[in-house]
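[1] Sequence first, then the predicted structure, then my questions.
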Amino acid sequence: MAMTLHVDIVSAEKEIYSGKAEMVFAPLVTGEVGVLPRHAPLLARMKAGEVRVRTESNEDLYFYVSGGLLEVQPYVVTVLADTALRAKDLDEAAALQAKERAEDALKNRQANIDYAKAQAELAEAVAQLRAIKRLREKTR
Amino acid sequence: MAVGKEIRKQIKSIQNTQKITRAMEMVAASKMRRAQERMQAARPYAHKIRNVVSHLHYAHPEYKHPFVIGREARRIGMILTTSDRGLCGGLNTNLLRTALIEMKAWHDQKIDVDMCTIGSKGFMFSKRIGGNILSHVSHLGDSPRIEDLIGTVKVMLDAYTEGKVDRLYLVYNRFVNTMTQQPVIEQLLPLPASATEAEELKHHWDYIYEPDAREVLDDLLTRYIESLVYHGVAENQACEQSARMVAMKSASDNAGTLIDELKLKYNKARQAAITQEISEIVGGAAAV
């Protein structure tokens, strides 16, 4: 029997493919790469393109990825696909937005955390919850 | 005859409330199932990327990424995951209390805390107590997407890289089961040493990096942290829905007992009124 690889293709939100394969092709930023069993350990960045999995029955399966990372261990290939379009500027813009959201909402805040006040507030809420629980037990 | 008109009115209003809480309970139940599915769907990625990162521990890269190098804590960052809405029992309160105790402990060591809040409850809380919020995102909806978190997390990662914070923690509710949610504080940065042991990886080896170690590790570790945060958010959402379901169920039950009590009171009042009327008629007839 020919040697096989174990392939896992996952994205952050779900599992896409998991199974055995004879060969895997992946679109790296430096060009397409084909991975056979006993490949040297490789960690590489992928660009948008197709991941091709050749199964034991010599079928080709195609998976589109919009980028991500490829990890190769001698008998295991892991494709960590991105679901989001990633680019440095896009990430930067998103970060800026998140910062702005925080700053906008924070315009009039006190300077320092008043721990005593905060703790008292939370303790009150907890006490209320406890009281409600006790009331509930009483009515049963 | 207007016997117990007030009581009837009260019963009616409680019944209306009960209808609402029951509807909310059912909505939460169906949302909970979907949130749990989403939480489970996120597991393979989290598991795989954790594997890769733990492999990395055994590799011997010539480049050490700042995320793996620990340093003395002078200022720490905390990502606080809460729900957007209330009416979910003590879920947020318990979480915030855990976070506050932790913050107080840091504060006592003269270490300040920078916050990053996901969800408006945590944001309102941090704002009220005067926390220093670096980034914020809320209203992720029922199906949070990783795109929505990238920016928020990046602010914290940048702060770490620039040395503004020396530790990064994630605070969220762990989903134990429908009845139990547990607030947890997890250290994200510097990456804690992994516990997974892989015998075959003990020998000296390293990856081939394409295009180069620095860029790839940067990508990998950023995604790793993002996936942890995403997983935390997904888990927190499952917690929120189940906590809401339980809270609404007990609210409906309470409304039920209240209605029963009021009905009893109403019937008694009605009976008393009838008895009184009869005795009045009998008394009147006897007097004639």
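    Right, received. Where do you want to start? Computed from a predicted model, the values in this text were never measured in an experiment. Numbers count the residues shown, from 1 in each chain, chains lettered A, B, ... in the order given.

[2] And the strands in the chain, which stretches?
    You didn't say which chain, so I picked chain A. In chain A, strands defined by DSSP state E lie at A:5-11, A:15-21, A:23-28, A:31-35, A:42-46, A:49-54, A:60-65, A:68-73, A:76-81, listed in chain order.

[3] Switch to chain B, please.
    Taking DSSP E as the criterion, chain B carries its strands at B:75-81, B:112-118, B:132-137, B:167-175, B:181-189, B:208-210.

[4] List the neighbouring strands of the first one plus their orientation.
    This means strand B:75-81. Based on DSSP bridges, the pairing partners of strand B:75-81 within the sheet are strand B:112-118 (parallel), strand B:167-175 (parallel).

[5] Could you tell me which ranges of the chain sit under the pLDDT cut-off?
    All of this refers to chain A. Segments of chain A classed as low confidence (criterion: pLDDT under 70) are A:1-2, A:84-89, A:105-114, A:136, A:138-140.

[6] if you could check chain B rather than the one you did, that'd help
    Applying pLDDT under 70 to chain B flags residues B:1-2, B:60-61, B:193-204.

[7] residue nearest the centroid of it?
    In chain B, the C-alpha nearest the mean C-alpha coordinate belongs to residue B:236, at 3.6 Å (CA atoms, centre = their mean).

[8] what's the spacing between it and residue A:33?
    38 Å (CB to CB, to the nearest Å). (Each C-beta comes from the backbone N, C-alpha and C, glycine too.)

[9] Counting neighbours, what do you get for residue B:6?
    By the criterion of other CB atoms under 10 Å in any protein chain shown, residue B:6 has 10 neighbours.

[10] which residue sits closest to residue A:54, ignoring its sequence neighbours?
    If the residues on either side of it in the chain are set aside, residue A:54 comes closest to residue A:23, at 4.4 Å by CB to CB, 6 or more residues apart in numbering or on different chains.

[11] What ranges does the stretch 101-250 of chain B have for its helices?
    Taking DSSP state H, counting those that start in this stretch, the helices of the stretch 101-250 of chain B run over residues B:120-129, B:146-161, B:213-287.

[12] quick one, the last one and helix B:120-129 angle?
    Meaning helix B:213-287. 90 degrees (axes from the mean of the first three to the mean of the last three CA atoms, to 10 degrees).

[13] now the angle from helix B:213-287 to strand A:5-11?
    Using the same axes, to 10 degrees, the direction of helix B:213-287 lies 50 degrees away from that of strand A:5-11.

[14] Now do the contacts for whichever residue of the stretch 151-288 of chain B sits closest to chain A.
    For the stretch 151-288 of chain B, the residue positioned closest to chain A under CB to the nearest CB is residue B:151, at a distance of 2.8 Å. Residues near residue B:151 by CB atoms under 8 Å, 6 or more residues apart in numbering or on different chains: A:91, A:93, A:94, A:95, A:96, A:97, A:98, B:135, B:137.

[15] burial of the residue nearest to residue A:54, as a residue count?
    Burial of residue A:23 is recorded as 20 neighbouring residues (other CB under 10 Å).

[16] Isn't it up against residue A:55?
    No. Between residue A:23 and residue A:55 there is no contact under CB atoms under 8 Å: 9.3 Å.

[17] Mind checking the strands of chain A for the one nearest to residue B:252?
    For the strands of chain A, the distance to residue B:252 is smallest for strand A:15-21, at 37.4 Å, taking CB to CB.

[18] What strands line up against that closest one, and which way round?
    As assigned by DSSP bridges, strand A:15-21 forms pairs with strand A:5-11 (antiparallel).

[19] Give me the buried positions along the strand it pairs with.
    By neighbour count, with 16 or more other CB atoms under 10 Å in any protein chain shown as the criterion, the buried positions of strand A:5-11 are A:5, A:7, A:8, A:9, A:10, A:11.

[20] ok, now which ones touch the residue lying closest to the residue of the stretch 151-288 of chain B closest to chain A once chain neighbours are set aside?
    Ranked by CB to CB, 6+ apart and with sequence neighbours excluded, the top spatial neighbour of residue B:151 is residue A:94, at 2.8 Å. Contacts of residue A:94 were listed using CB under 8 Å, 6+ apart, and they are B:147, B:150, B:151, B:152, B:154.

[21] Are any of the residues you listed buried, and if so which?
    So, by 16+ other CB under 10 Å, the buried ones in the contacts of residue A:94 are B:150, B:151, B:152, B:154.

[22] any idea how far residue A:62 lies from residue A:25?
    Between residue A:62 and residue A:25 the computed distance is 10 Å (CB to CB).

[23] Compare those two and say which one has the larger neighbour count.
    Neighbours around residue A:62 and residue A:25, counted as other CB under 10 Å, are more numerous at residue A:25. The numbers are 16 against 9.

[24] so what's the more buried one closest to, chain neighbours aside?
    Per CB to CB, 6+ apart, closest to residue A:25 is residue A:52, 4.0 Å.

[25] and that neighbour, what does it touch?
    Contacts for residue A:52 were tallied using CB under 8 Å, 6+ apart; they are A:24, A:25, A:26, A:60, A:61, A:62, A:63.

[26] Turn those into TSV, columns for distance to residue B:123.
    Written out in TSV, the entries for the contacts of residue A:52 read as follows (distance: CB to CB, whole Å):
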residue	distance to residue B:123
A:24	44
A:25	45
A:26	40
A:60	49
A:61	44
A:62	43
A:63	38
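
[27] Between these, which sits nearest chain B?
    residue A:26 (10.2 Å).

[28] Surely the closest one is in contact with residue A:32?
    Yes. Residue A:26 sits in contact with residue A:32 when judged by CB under 8 Å, with a separation of 7.0 Å.

[29] Pick out whichever of those two has more residues nearby.
    Between residue A:26 and residue A:32, counting by other CB under 10 Å, residue A:26 is the more crowded of the two (26 against 14).

[30] quick one: the more buried one and residue B:50, what's the gap?
    When distances are taken as CB to CB, residue A:26 and residue B:50 turn out to be 21 Å apart.

[31] Quick check: buried residues in stretch B:80-97?
    Using 16+ other CB under 10 Å as the test for burial, stretch B:80-97 gives B:80-84, B:88-97.

[32] Over to stretch B:26-44?
    Along stretch B:26-44, the positions that meet the burial threshold by neighbour count (16+ other CB under 10 Å) are B:28, B:29, B:31, B:32, B:35, B:36, B:38, B:39, B:41, B:42, B:44.

[33] now do stretch B:108-126
    Judged by neighbour count using 16+ other CB under 10 Å, the buried positions of stretch B:108-126 are B:113-123, B:125-126.

[34] since we're on residue B:101, how many residues are nearby?
    A count of nearby residues for residue B:101, using other CB under 10 Å, gives 13.

[35] for residue B:259, same thing?
    Close neighbours of residue B:259, defined as other CB under 10 Å, add up to 17.
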